[in-house]
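Novice: Here's my sequence, what's the structure:
(4 chains)
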Protein chains: 2
Amino acid sequence: MVYRPGRVLSNRAAVIGMNRPTMEDVAERAKVSRALVSLVMNDSPQVSDEKRSSVLQAARELGYRPNLIARILAQQRTHTIGVLVDDLRNPFFGEVVDGIEAEAADHGFRVLILNGHRDARREAEAVETFLQLRVEGMALVGARLDDSDTARVGLAAPCVMVASGAVHSGVDTVGTDDRRGAELAVEHLAALGHTRIVHLDGGANVSAGERRSGYESGMQSAGLGDLVDIRPAGDDEADALGVIDDLLADDDPPTALFAFNDLLAAGALNRLADAGMAVPGDVSLVGFDNTFISALRHLSLTTVNQPTLAMGRLVVSTLLQRLSDGPSEPIRHTLQPELVVRSTTGPPRGGAILSQARPTPR
Amino acid sequence: MVYRPGRVLSNRAAVIGMNRPTMEDVAERAKVSRALVSLVMNDSPQVSDEKRSSVLQAARELGYRPNLIARILAQQRTHTIGVLVDDLRNPFFGEVVDGIEAEAADHGFRVLILNGHRDARREAEAVETFLQLRVEGMALVGARLDDSDTARVGLAAPCVMVASGAVHSGVDTVGTDDRRGAELAVEHLAALGHTRIVHLDGGANVSAGERRSGYESGMQSAGLGDLVDIRPAGDDEADALGVIDDLLADDDPPTALFAFNDLLAAGALNRLADAGMAVPGDVSLVGFDNTFISALRHLSLTTVNQPTLAMGRLVVSTLLQRLSDGPSEPIRHTLQPELVVRSTTGPPRGGAILSQARPTPR
DNA sequence: TTGTAAGCGTTATCAT
DNA sequence: ATGATAACGCTTACAA
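Specialist: Numbering: from 1, shown residues only, chains lettered A, B, ... in the order given. Just a heads-up that it's a prediction; the model follows:
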């Protein structure tokens, strides 16, 4: 038997309870070698039933629990993918993560989640943590990292940006065609007869740029030149909502609002209600994401759908492909958005188009 | 210098990219010992500036990144707390996690998040993963583990149940007085003159039991005996919402609904709108949690507030206390809920109380 | 201040 | 089928 010096029960270990029974302890109790215990734990077929059961019994008696950390170090595989979520409070991201976890589970991968708190610095830290933990791949869901950051990350580990909006160099991407989604929203409003359409900008959100340019091109192809983009000064796009009051007080106020996402649209709905404006009577409103919020009857928000679950699953399959294929040209998956018309959009007052039947007038 | 056999670049390691530069590589390049590199990496004050900078340079040149897995194994400390979240799509949990992360960061702890998917089996697996990863403590946010499970977990690692509703043996708990919260809701409705108050039950949610009994005791002390508790058959409490239609078709229909949480209340609001019922004209409605959903003007849901951020921070400080004090009697922190009256509650039609001014009549 | 070497708890290779 | 033993990449006494 191997010489094994007495276990050092430093007060550290004693305090934090990491001094749990090890394979060595189990081996000793079952009177077998450590290697055999390992085989049993990984239920190898080549152990005798007799030894197997005595090992299992010893393990049970000791309350043995394998140490994943040690196993990972020895195995040189974590079987883990890291998911960085920009904002845990936004249900949209939660839905994407659900898709990621479903697909990961199907392929025997663990998913570790870190919260980015809508802050580039903290997201960079989270990525670093994932890298140091040696995750086999990472999904950055809505992360606000700049191009040079992502390129560096992409070099260090397989990495797919989700809901990234713009194309990032050096990493794979899975996302909705945000530009097209924004165009859909604007086209819808233009078709209803709106001409003064204001964009409530997503500010520092990753997809904000693409949606903004979709707004611009949508306006352009509708022959509308009067672009108004409301952008927040700080990091919280809701800060800019106050501007709505000013806009509405204008001589020639906008008749429609296109918000960066459903959360922002809901905030806008609040402001409009406070200002006594009818929606869609006085102002039409379109959101983005089609989260459950937009489906609430009392909001019944017209919005742009993103196939969140499909995106999540696609993230993992992309990651796995990259894992097996090695480095190559970035993979780009762009899913198509869909306009979901609900009750917050209608023709403008005195607009060119006749009013149309609508579900639940509010 | 230590004899070091050639690095084994198994194809595994080659594929997953775990064959990154190690301390040994850095040491070799900087012509120092591995131990010194370690000292530099943990910026120990006792290294000469000269060595320090040459080590740092070597590290930079090689693109060295410390291996957290190895460090943890050697150090016997993970500096990590595991957070199990029952449902990432429920904003309430996201808010609690924000509090947890804030306090954890203040104390130099990493936070790892695992998603429970509203499923007891998956939550048990997640806990097992945390245990195998040797987290120093865990927070179970809304986890639906039964008493024997939690007791076992509590034995294995410091563990605090959050938003647990009932008292679980063997683990510390941080939560709101759910029972009292439910009573507040019922008292409010009773004071408005409602007598037929129905409870939309939370089913398998952890706090459901406490809120149910709060509903019962609230009804009792208001002298109301006609308890109606709508409980779902499956795991999705929203399934039971259909019953609302039947209830309203009753001879003597309920005039008020108390929902398990804001999400469920929002669902109920949908059903009521579909059925053409006015809120609070025909039916009053109270939710629970005071998530941002209830604050949306178009819902403007009367609800019961939980101090989520404070709860989150308290979770971590409780964990740290347990970490330093070792085993002892379970710690119980119960925060007080508060009724937030908005626009979904009012006197019943023909009720005893005069109608009162309300913000935004809907 | 720096180096040596013994762990940490596994897996995996090679004997037997 | 089972056992020895060398990794895995780091930390940390202890020595120099």
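
Novice: Phi, psi for the spatially most central residue of chain A please.
Specialist: Nearest to the mean C-alpha position of chain A, by CA atoms, centre = their mean, lies A:Val141 at 3.2 Å. Main-chain dihedrals, A:Val141, degrees, to the nearest 10: phi -90, psi 100.

Novice: Which strand residues bridge it?
Specialist: A:Val85, A:Val162 (DSSP bridges).

Novice: I figured it hits A:Glu95, correct?
Specialist: No. Look at A:Val141 against A:Glu95 with CB atoms under 8 Å: they stay out of range, at 10.1 Å. In this view, the C-beta of every residue, glycine as well, is placed from N, C-alpha and C.

Novice: So A:Leu339 lies in a strand, does it not?
Specialist: Yes. Counting by DSSP: H, G, I helix; E, B strand; the rest coil, A:Leu339 falls inside a strand.

Novice: Now for it: which residues touch it?
Specialist: When contacts are counted by CB atoms under 8 Å, 6 or more residues apart in numbering or on different chains, A:Leu339 touches A:Leu184, A:Ala185, A:His188, A:Thr302, A:Thr303, A:Val304, A:Asn305.

Novice: Looking at these, which one is closest to DNA strand C?
Specialist: Distance ranking of these against DNA strand C, using CB to the nearest atom of the strand, places A:Asn305 first at 43.9 Å.

Novice: right, and the pair among the contacts of A:Leu339 with maximum separation?
Specialist: A:His188 and A:Asn305 (12.8 Å; CB to CB).

Novice: Next, count neighbours for the spatially closest residue to A:Arg29 that is not a sequence neighbour.
Specialist: Spatial nearest neighbour of A:Arg29, excluding adjacent residues (CB to CB, 6 or more residues apart in numbering or on different chains): A:Ala58 at 4.0 Å. Using other CB atoms under 10 Å in any protein chain shown, A:Ala58 is surrounded by 21 other residues.

Novice: pretty sure A:Ala58 is touching A:Ala30, no?
Specialist: Yes. Counting by CB under 8 Å, A:Ala58 touches A:Ala30, with 3.9 Å between them.

Novice: Could you pull out the buried residues of the one helix or strand A:Ile69 maps to?
Specialist: Using DSSP states H and E, A:Ile69 sits in helix A:68-75. Buried residues in helix A:68-75, counted by 16 or more other CB atoms under 10 Å in any protein chain shown: A:Leu68, A:Ile69, A:Ala70, A:Arg71, A:Ile72, A:Leu73.

Novice: Which members of those residues additionally contact chain B?
Specialist: A:Leu68, A:Ile69, A:Ala70, A:Ile72, A:Leu73 (CB under 8 Å from any CB of the partner chain).

Novice: Out of these, which is nearest to DNA strand C?
Specialist: A:Ala70 (3.3 Å).

Novice: Highest neighbour count among the contacts of A:Leu339?
Specialist: So for these (other CB under 10 Å), the most neighbours sit at A:Thr303, 31 neighbours.

Novice: mind checking how far that residue is from chain B?
Specialist: 15 Å (CB to the nearest CB, to the nearest Å).

Novice: Could you confirm that residue falls within a strand?
Specialist: Yes. Judged by three-state DSSP, A:Thr303 forms part of a strand.

Novice: Surely it and A:Ala265 touch.
Specialist: Yes. Counting by CB under 8 Å, A:Ala265 is a contact partner of A:Thr303 at 7.1 Å.

Novice: Could you tell me how far the residue nearest to A:Leu296 when sequence neighbours are not counted is located from A:Val340?
Specialist: Closest residue to A:Leu296 apart from its sequence neighbours, by CB to CB, 6+ apart: B:Ala266 at 5.5 Å. Distance of B:Ala266 to A:Val340, given as CB to CB, to the nearest Å: 18 Å.

Novice: hmm, back to that, kindly indicate which of the ones next to chain B among the buried residues of helix A:68-75 lies nearest chain B.
Specialist: A:Leu68 (4.0 Å; CB to the nearest CB).

Novice: wait, doesn't A:Thr176 sit right on A:Thr334?
Specialist: Yes. Counting by CB under 8 Å, A:Thr176 does reach A:Thr334; the two are 7.1 Å apart.

Novice: Pick out whichever of these two has more residues nearby.
Specialist: Per other CB under 10 Å, whichever of A:Thr176 and A:Thr334 has more neighbours is A:Thr176, with 28 against 14.

Novice: Run through the bridge partners of that one.
Specialist: A:Leu335.

Novice: next one: A:Ile81
Specialist: Applying DSSP bridges, one finds that A:Ile81 bridges with A:Val111, A:Gly137.

Novice: Identify the farthest-apart pair in the buried residues of helix A:68-75.
Specialist: A:Leu68 and A:Leu73 (9.6 Å).

Novice: Indicate whether the biggest helix by length in chain A makes contact with chain B.
Specialist: Secondary structure of chain A per DSSP state H: the longest helix is helix A:308-325. Yes. Shown here: helix A:308-325 in contact with chain B (CB under 8 Å from any CB) through A:Leu323, A:Ser324.

Novice: Name the surrounding residues that touch that helix.
Specialist: Residues contacting helix A:308-325 (CB under 8 Å, 6+ apart): A:81, A:92, A:95-104, A:107, A:109, A:136-137, A:139, A:158, A:160, A:162-163, A:172, A:174-176, A:331, A:333, A:335, B:15-16.

Novice: Please flag which of the residues you listed sit within helices.
Specialist: Using DSSP H, the contacts of helix A:308-325 in helices are A:92, A:95-104, B:15-16.

Novice: coming back round to it: more neighbours: which of B:Ala266 and A:Val340?
Specialist: Between B:Ala266 and A:Val340, counting by other CB under 10 Å, B:Ala266 is the more crowded of the two (26 against 16).

Novice: and the more buried one, what does it touch?
Specialist: B:Ala266 neighbours (CB under 8 Å, 6+ apart): A:Leu296, B:Gly287, B:Ile293, B:Leu299, B:Leu301.

Novice: Could you find the closest non-adjacent residue to the last one?
Specialist: What sits nearest to B:Leu301 in space, not counting adjacent residues and going by CB to CB, 6+ apart, is B:Ser294, at 3.8 Å.

Novice: Tell me the spacing between that neighbour and B:Ser164.
Specialist: Taking CB to CB, one finds B:Ser294 at 22 Å from B:Ser164.

Novice: Is any residue of stretch A:91-109 near DNA strand C?
Specialist: No. Counting by CB under 7 Å from any atom of the strand, DNA strand C has no neighbours in stretch A:91-109; the shortest distance is 14.5 Å.

Novice: Give the rounded mean pLDDT of that stretch.
Specialist: Averaged across stretch A:91-109, pLDDT comes to 95.

Novice: If anything else comes up later, I'll come back, but that's it for now.
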